[in-house]
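Asks: With the sequence up front, the predicted model follows.
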Amino acid sequence: MSEVKKTGGLAGIVAGETKIATVGKEGVGLTYRGYTIEDLAANATFEEVAYLLIHGELPTQTQLDTYKKTLKALRGLPAPLKTVLEQVPKEAHPMDVLRTGCSALGTLEQETSGHDQVAIANRLLATSPSMLLYWFHFAKSGKRIETASNAPSIAAHFLEMLHGKPASDLHVRVMDVSLILYAEHEFNASTFTCRTIASTLADFYSAVTGGIGALRGPLHGGANEAAMELIEKFQTADEAEKALVQMLHDKKLIMGFGHRVYKKADPRSDIIKVWSKKLSDACGDNVLYPVSERVEAVMRREKGMFPNLDFYSASAYRFLGIPTPMFTPIFVISRISGWSAHIFEQRSNNRLIRPTAEYTGPQQRAVVPIGKR
Ligand code: ACO
């Protein structure tokens, strides 16, 4: 039993091999296919990163142009999918919309040799922003938006559909960097879910639909929404500090802090923090960013804890005018690239994922007839 306790939540267990990413390796940090996250966030776009994850190498200019053209052409939604999305209640969480949308698309454009895993990965990358925002506008005001678009990137497409007009270069760049940061993270809970489902030889959509479900919880992707719900309560940094000290005294979890694998820092947090500050300066904010910085300082002082990617993503997304319930769905839009790479990798050298458990239930016993229980 003590061994099981030590490995609770499979912490520290090597559950397989991957060529896709390293997380928290000494002296290496976060890399996607050998490139550091700092290098990719500074020198690449999300489409280049998605191509890298899915195809194994960064694209040439010609390959990138073709890839972007392909993704652009896939943004439109089939009519039956629009009908399904129109049935989803406006009170639904947008993560449930994406989970439903992905599953429904799987019934309309099933995986076959003519519509293979690469085609589905492309289609899901291109349509996930469309599904989310088609439902959002329909649920909010009954408006049926056009999701086919000529916007030059997924980041620009998302912001344009959300706000109904093209976004500024700064906003598109921050969105793009955020998509790069969320794209891949080795054997996290949702990716492991995708791999487990893929290992049963189920179809691609089943694996991604399961991944969306795993990502939804506040201990994983849902933390960016929970972080926003915390920081937006405060009008000043002093107010935030007082409340946080009390929360820690009450042994509450502070969402957007801590990590299973990183022990000293989440390298993604430093990157998104810089962009959040740029957005804060650009819009003259003097509440949200100072509150966030104070929360970070208190967590370091009181708990020795550091922010993970979700913490400063929350303020960055708010500055981009994104409603809080869409924060985790953006994680989905990006992570489809990493999930896809992992499903391909699992399938290329598959063995059913099926661990065992240490039994801690009752000793063997006989069934007492129902009248005598
Ligand atoms: N706030 C306060 N205390 C914390 C936090 C936190 N965010 N995270 C961990 N702790 C404390 C725990 O209460 C525990 O204390 P204890 O030993 O006194 O019981 C100790 O630190 C160890 O925590 P565990 O939960 O055992 O760590 P684990 O590796 O299982 O969990 C996790 C990692 C889930 C990320 C955790 O840090 C957490 O719940 N953070 C908040 C949720 C969050 O931000 N999730 C996003 C993850 S990153 C991502 O998905 C992009």
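Replies: Here it is on my side, so go on.

Asks: For the ligand, give me its nearest residue in the stretch 1-150 of the chain.
Replies: Checking the stretch 1-150 of the chain residue by residue against the ligand with C-beta to the nearest ligand atom singles out residue 9 as nearest, at 5.3 Å. All C-beta spots, glycine's among them, are computed from the backbone N, C-alpha and C.

Asks: pLDDT at that residue, what is it?
Replies: For residue 9, the pLDDT comes out at 91.

Asks: before we move on, what about residue 12?
Replies: 88.

Asks: number of nearby residues for it?
Replies: By the criterion of other C-beta atoms under 10 Å, residue 12 has 9 neighbours.

Asks: List the contacts of the residue of the chain found nearest the ligand.
Replies: Nearest residue of the chain to the ligand: residue 258, at 2.4 Å (C-beta to the nearest ligand atom). When the contact criterion is C-beta atoms under 8 Å, 6 or more residues apart in numbering, the partners of residue 258 are 305-306, 308.

Asks: Mind putting the residues you listed into a markdown table with distance to residue 222, secondary structure and neighbour count?
Replies: Written out in a markdown table, the entries for these read as follows (distance: C-beta to C-beta, whole Å; DSSP: H, G, I helix; E, B strand; the rest coil; neighbours: other C-beta atoms under 10 Å):
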| residue | distance to residue 222 | secondary structure | neighbour count |
| --- | --- | --- | --- |
| 305 | 18 | coil | 17 |
| 306 | 19 | coil | 19 |
| 308 | 13 | coil | 22 |
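
Asks: Nearest to residue 285, out of these: which one, please.
Replies: Compare each of the contacts of residue 258 with residue 285 using C-beta to C-beta and the shortest gap goes to residue 308, at 21.8 Å.

Asks: Show me which residues of this protein are close to the ligand?
Replies: Contact residues of the chain with respect to the ligand, defined by C-beta under 6 Å from any ligand atom, are listed as 9, 11, 219-221, 223, 253-260, 303, 308-310.

Asks: The same query, at a cut-off of 8 Å, please.
Replies: With C-beta under 8 Å from any ligand atom as the criterion, the chain meets the ligand at residues 8-9, 11, 182, 185, 188, 215, 218-224, 226-227, 248, 251-260, 266, 268, 299, 303, 305, 308-311, 331.

Asks: Just the ones in helices from those residues, please.
Replies: Secondary structure from DSSP state H places 182, 215, 223-224, 226-227, 248, 268, 299, 303, 309-311, 331 of the residues of the chain next to the ligand in helices.

Asks: For ChimeraX, what selects the buried ones among the residues you listed?
Replies: Here the buried members of these are turned into a ChimeraX selection, burial being counted by 16 or more other C-beta atoms under 10 Å:
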select :182,215,223,224,226,227,248,268,299,309,310,311,331
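
Asks: Please report phi then psi for the residue nearest to the residue of the stretch 1-150 of the chain closest to the ligand when sequence neighbours are not counted.
Replies: If the residues on either side of it in the chain are set aside, residue 9 comes closest to residue 260, at 7.5 Å by C-beta to C-beta, 6 or more residues apart in numbering. Here is the backbone geometry of residue 260 (degrees, to the nearest 10): phi -70, psi -40.

Asks: Residue 154 versus residue 260, what's the distance?
Replies: Using C-beta to C-beta, to the nearest Å, one obtains 28 Å as the distance from residue 260 to residue 154.

Asks: Give me the below-cutoff pLDDT ranges for this protein.
Replies: In the predicted model of the chain, residues 1-7 satisfy pLDDT under 70.

Asks: just the strands in it please.
Replies: Taking DSSP state E as the criterion, the chain contains strands spanning 21-25, 29-32, 35-36.

Asks: Same list as before, these that is, but in CSV and with distance to residue 42 and mean neighbour count included.
Replies: Putting the strands of the chain into CSV (distance: least, C-beta to C-beta, whole Å; neighbours: other C-beta atoms under 10 Å) gives the following:
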stretch, distance to residue 42, mean neighbour count
strand 21-25, 18, 18
strand 29-32, 13, 22
strand 35-36, 9, 16
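
Asks: Of all these, which one comes closest to residue 197?
Replies: strand 21-25 (19.3 Å).

Asks: Output the contacting helices and strands for the closest one.
Replies: Contact analysis of strand 21-25 by 3 or more C-beta pairs under 8 Å, 6 or more residues apart in numbering; DSSP states H and E lists strand 29-32 as its packing neighbours.
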